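Peer 1: Coordinates for the following, if possible.
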Amino acid sequence: MRSLLFILLISALALVQARTLSGSKEDYQENDYQESRETHLSKPHLHSSVWPCDVADYREAYPLLHKVEKQLPKIDSAETRNHIRDHVVTQLRQCISAGKMDRHCVGRSIGLVMSFINHQRRNQQSTDL
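Peer 2: Numbers count the residues shown, from 1 in each chain. Predicted coordinates:
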């Protein structure tokens, strides 16, 4: 009988502890989100003047921005370069959710953007002929 009461008591304590830990985790995640947002808004701009702040302030966007910046000088037409920049910004804005940029979304966007750039280059070459 005592062992049964002891097991019930331990089970109840474990259940209460588990609920407390999960509640703390949710509070931590919410506080973490708020701190990351405040840090994001207060940190200095670490990007070139080519990209708008709302996408370029995220470190997760750097791989895509870097790849595009290497490709832009190869494009002759200023209009085409602006069109590519607008496309990149649109892709990156779609990767922002709840104040954070999804690095996996950015990774998927790299291939799409590079394909878009190649398409624009081919169109430019065909109109130059």
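Peer 1: can you list the domains in the protein?
Peer 2: 1-43, 48-129 (automatic domain parsing).
Peer 1: deepest of those domains, which one?
Peer 2: For those, the largest average neighbour count (mean count of other Cβ atoms under 10 Å) is found in domain 48-129, namely a mean of 15. C-beta: built from backbone N, CA, C; applies to glycine.
Peer 1: and it, how far from the chain's centre?
Peer 2: 14 Å (Cα atoms, centre = their mean, to the nearest Å).
Peer 1: For it, give the mean pLDDT please.
Peer 2: Per-region confidence: domain 48-129 scores 91 on mean pLDDT.
Peer 1: Equivalent analysis for stretch 5-22, please.
Peer 2: In the prediction, stretch 5-22 has an average pLDDT of 72.
Peer 1: State the distance from D76 to K67.
Peer 2: Computed as Cβ to Cβ, to the nearest Å, the D76 to K67 distance reads 19 Å.
Peer 1: same deal with A56?
Peer 2: Distance, A56 to K67, by Cβ to Cβ: 14 Å.
Peer 1: now swap in H83 and tell me
Peer 2: Taken as Cβ to Cβ, the span from H83 to K67 is 17 Å.
Peer 1: Check M101 too.
Peer 2: For M101, the distance to K67 - Cβ to Cβ - is 16 Å.
Peer 1: How about D102?
Peer 2: Taking Cβ to Cβ, one finds D102 at 17 Å from K67.
Peer 1: before we move on, what about Q120?
Peer 2: The gap separating Q120 from K67 is 14 Å, by Cβ to Cβ.
Peer 1: Would you state the helices of the protein in chain order?
Peer 2: 2-42, 53-56, 62-71, 78-94, 103-128 (DSSP state H).
Peer 1: Need the residue closest to the centroid of this structure.
Peer 2: In the chain, the centroid-proximal residue (Cα atoms, centre = their mean) is M101; its distance is 1.9 Å.
Peer 1: So that one is in contact with Y62, correct?
Peer 2: No: judged on Cβ atoms under 8 Å, M101 makes no contact with Y62 at a distance of 10.2 Å.
Peer 1: who's in contact with V68?
Peer 2: By Cβ atoms under 8 Å, 6 or more residues apart in numbering, the contact list for V68 reads 84-85, 88, 113, 117.
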